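> Below is the sequence, then the predicted model.
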Amino acid sequence: ASRNEPRSLMCGIGLLVECGSNLDPSLKTEDSIGIHLNPDELFSVLESRGPDSVNKVEIATDGFSQGSIIAIASVLFIREEVPQPIMSRDSGDMLLWNGEIYGGILGDDTQHNDTLKLFKALEETKDGSIEGLLSLMKQIRGEWALLYWQSSKRRFIFGRSHWGQRSLVYHLPDARCSQFALSSVCFGQATFDDLASGSQEQDEDIEPEESENQFWREIGIGGLYIFELPCKESNFNFSFHPYSEYDPVGKRTEIVPPENFQLEVQLEVQVERHHEFVLGLLNVLSSSVAIRASDLPLAKTKNPQDARLAVLFSGGIDSMIIAALCDRYVPKDLPIDLLNVAFGSDEKGYNVPDRQTGLSGLSELRAISNRTWNFVSVNIDQEKSQKFRELISQLIFPRNTVMDLTIGSALWFAAKGEGLLENSTRVQVEKIQVEKYVSPAKVVFDGLGADEYLAGYLRHRTTFLRRGWEALQDELELDSSRLWQRNLGRDDRIISYHGREARFPFLDENVASFVAKTPLWEICNFHEIPGIGDKKILRNLGRELGLTDSTKLAKRAIQFGSRVNKVF
């Protein structure tokens with residue numbers, strides 16, 4: 001099936017259902033806190049995510065709810081100006097949609113807004129059954145979260161995409177708060193009690209367990225959730241419905257190399273076969289970048305000559321490949337912003353590892369393209385990092401570890417896109433201008449996902465050397481399965497705060513499917529040194545694009561490369 005150009009997105013989803021005294025009295029205790037989530041607070045936190053349009057609607061309860069049912073939608077217009085929520089006068093159904101559709105249910109139709117067409121498809125689902133809705137939504141390829149009010153059945157249906165690239169959190173009615181809440185971002189000062197005790201240390205290999213008393217929780221992936229009215233009993237109807245026969249990526253079957261395969265000495269036939277896999281990955285990754293870079297929205301400045309796309313840029317192999325591929329698909333007369341964050345001080349400077357590799361990477365990009373590359377040096381000192389610490393802590397919530405805070409801070413300042421601009425091209429390298437600059441791009445590319453299923457972490461090497469190929473495969477599957485919980489919700493909340501949409505070229509179903517069909521020994525070779533054997537296939541892809549030194553850089557996490565870990 002052909003892929004379609006995405007046409008509009010929404011950035012903020014919010015819902016408040018007042019259950020109140022309809023709840024079973026047994027839920028009420030002497031320790032009840034009495035938190036009440038304010039619709040005005042919800043409106044406020046969603047507004048930054050979708051600054052072009054924010055609307056609040058109240059749904060008629062017909063006695064099924066103790067109080068009001070309020071839905072709030074904020075929109076960042078990418079192409080067509082379609083305010084949300086979208087409501088049907090005939091059925092009373094309502095859709096709040098935050099996402100981009102890159103393939104699946106839309107066929108070859110590129111003339112109509114994705115949101116409107118999806119709403120029509122949801123309404124036309126046979127009998128409005130959950131089975132029909134599951135069948136419809138599992139076909140979608142893209143980055144999305146949705147909330148759908150099915151009026152005839154008095155129920156809310158919601159969920160996230162295959163990896164969970166868009167944030168969605170919820171609160172179920174309990175003794176502390178009698179409301180059901182669904183939102184792109186946690187809100188309500190009284191709900192951040194866990195922050196008072198400070199962020200918790202986290203072992204990279206161990207996922208912290210959710211507390212039974214945790215107020216906000218992330219919506220999971222792999223199916224749809226339902227919250228039904230009335231909500232008047234302690235066992236109110238909140239349920240998860242998994243997709244059946246659902247595996248858009250597939251499982252790797254070639255894990256252990258055949259006995260005659262030489263890992264230390266590459267035979268000519270092995271080199272040729274590996275090159276075929278490299279070209280295959282280049283093909284699907286190119287398609288992923290192409291669809292995400294197609295028909296980019298006008299910059300926030302409304303100036304058609306300003307940058308419409310920014311890349312979170314460390315100069316490492318992941319961001320270098322994304323930038324090099326963007327160069328192929330973004331019109332040559334448009335600059336591309338490269339957002340590079342560093343933590344330091346005016347006295348000691350900002351010459352951190354990621355700044356060094358970023359500038360080196362800039363030189364490589366100049367060598368392969370005469371495009372204008374806007375290298376944005378985002379310099380953050382101790383005072384500035386502390387000034388926004390509370391805000392960032394609330395945005396990453398319900399993530400609440402030191403690692404989340406440091407990564408979230410680096411991403412927040414990078415995505416803000418405010419810094420010093422080095423503006424030059426290959427042919428104008430002597431005419432470098434350094435000036436204050438704020439990126440006007442509405443779209444930001446993020447390289448998340450490459451390390452998780454192309455074996456880029458040091459612990460992947462450790463796992464392989466200690467326990468072999470099959471243990472490594474288990475580790476990669478674990479990493480990709482928890483991206484929704486560990487990374488993507490947090491990163492979406494952080495980046496979208498600045499009125500920008502994050503897109504993830506590596507987290508494309510076709511890319512992941514190709515990788516899953518590729519033998520593991522063609523992906524990585526940990527008999528070789530760091531910077532060579534880890535993500536081997538991606539490093540060789542970089543060489544196909546004309547990249548040089550960046551293909552040999554060892555993995556360095558953003559918290560260490562940017563030195564944000566030094567300020568917390």
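Nice, thanks for sending it over.
> how close does M320 sit to L42?
Here M320 is placed at a distance of 39 Å from L42 (CB to CB, to the nearest Å). Any C-beta I mention is one placed from the backbone N, CA and C, and that applies to glycine too.
> Of the two, which one has the most company?
M320 (31 against 26; other CB atoms under 10 Å).
> Specify the local secondary structure of that one.
With DSSP: H, G, I helix; E, B strand; the rest coil as the basis, M320 sits in helix.
> Distance check, it against C326.
Counting by CB to CB, the gap from M320 to C326 is 11 Å.
> what residues are up against D451?
The contact partners of D451, by CB atoms under 8 Å, 6 or more residues apart in numbering, come to D318, Y457, D479, K535, K555.
> dump the residue contacts of the fourth one.
Think K535. K535 is in contact with I317, A450, D451, L454, A455, G456, I523, C524, K555, counting by CB under 8 Å, 6+ apart.
> quick one: contacts of the lengthiest helix in the chain?
The longest helix of the chain (DSSP state H) is helix 268-292. Helix 268-292 has contacts (CB under 8 Å, 6+ apart) with 3, 5-6, 100, 102-103, 261-262, 266, 321-322, 325-326, 328-329, 443, 445, 503, 505-506, 508, 510-511, 513-515, 518-519, 522, 537-538, 540-541, 544-545.
> Give me the buried subset of those.
Neighbour counting by 16 or more other CB atoms under 10 Å classes 3, 6, 100, 102-103, 321-322, 325-326, 329, 443, 445, 503, 505-506, 508, 510-511, 514-515, 518-519, 522, 537-538, 540-541, 545 among the contacts of helix 268-292 as buried.
> ok so, going back, among the contacts of helix 268-292, which lie within helices?
321-322, 325-326, 328-329, 510-511, 513-515, 522, 537-538, 540-541, 544.
> Would you map the strands across the stretch 401-550 of the chain?
Ranges of strands in the stretch 401-550 of the chain, per DSSP state E, counting those that start in this stretch, are 418-424, 433-438, 443-445, 501-503.
> wait, which of these is closest to D90?
Smallest distance to D90 across those (CB to CB): 31.3 Å, for strand 501-503.
> The closest one pairs with which strands, parallel or anti?
Using DSSP bridges, strand 501-503 pairs in its sheet with strand 443-445 (parallel).
> Measure how far the partner strand is from the centre of its chain, please.
Its chain's C-alpha centre and that of strand 443-445 lie 10 Å apart, by CA atoms, centre = their mean, to the nearest Å.
> Can you tell me the closest non-neighbouring residue to H162?
Counting by CB to CB, 6 or more residues apart in numbering, P248 is the residue found nearest to H162 once chain neighbours are left out, at 5.7 Å.
> tell me the SS of the one you found?
Following three-state DSSP, P248 is assigned to coil.
> pretty sure it contacts S513?
Yes - between P248 and S513 a contact is recorded at 7.0 Å, counting by CB atoms under 8 Å.
> Now do the shared contacts for these two.
Jointly contacting P248 and S513 under the rule CB under 8 Å, 6+ apart is no residue at all.
> Between the contacts of K535, which sits nearest I392?
Set against I392, the nearest of the contacts of K535 by CB to CB is D451 (22.5 Å).
> From F560, how far off is that closest one?
Taken as CB to CB, the span from D451 to F560 is 14 Å.
> With K442 instead?
From K442 to F560 the distance is 30 Å (CB to CB).
> ditto for T191
Counting by CB to CB, the gap from T191 to F560 is 32 Å.
> Of these two, which one has the most company?
A count of neighbours by other CB under 10 Å puts T191 above the other of T191 and F560, at 23 against 15.
> got a list of what the more buried one touches?
Contacts of T191 by CB under 8 Å, 6+ apart are I35, L37, H171, C177, F215, W216.
> Make sure it is indeed in a helix.
Yes - using three-state DSSP, the assignment for T191 is a helix.
> Retrieve the pLDDT associated with it.
T191 is assigned 75 on the pLDDT scale.
> Surely L488 touches H162?
No - with contact defined as CB under 8 Å, L488 does not count as touching H162 (10.6 Å).
> what about those two, which has more around it?
Neighbours were tallied for L488 and for H162 using other CB under 10 Å; the higher tally belongs to L488 (27 against 24).
> Excluding chain neighbours, what is closest to that one?
Spatial nearest neighbour of L488, excluding adjacent residues (CB to CB, 6+ apart): G164 at 4.8 Å.
> Count the neighbours of the one you found for me.
27.
> Just confirm it is within a strand.
No - if the criterion is three-state DSSP, then G164 is coil and not within a strand.
> which residues in the stretch 51-200 of the chain form helices?
For the stretch 51-200 of the chain, the helices defined by DSSP state H, counting those that start in this stretch occupy 114-123, 130-137.
> Can you tell me which of the ones you listed has the worst average pLDDT?
Sorting the helices of the stretch 51-200 of the chain by mean pLDDT places helix 114-123 lowest, at a mean of 86.
> in stretch 449-469, what counts as buried?
By neighbour count with 16+ other CB under 10 Å, stretch 449-469 contains the buried residues 449-457, 460-461, 463-464, 469.
> just curious, which of those residues is nearest to L133?
For these, the minimum distance to L133 (CB to CB) is 27.3 Å, reached by G449.
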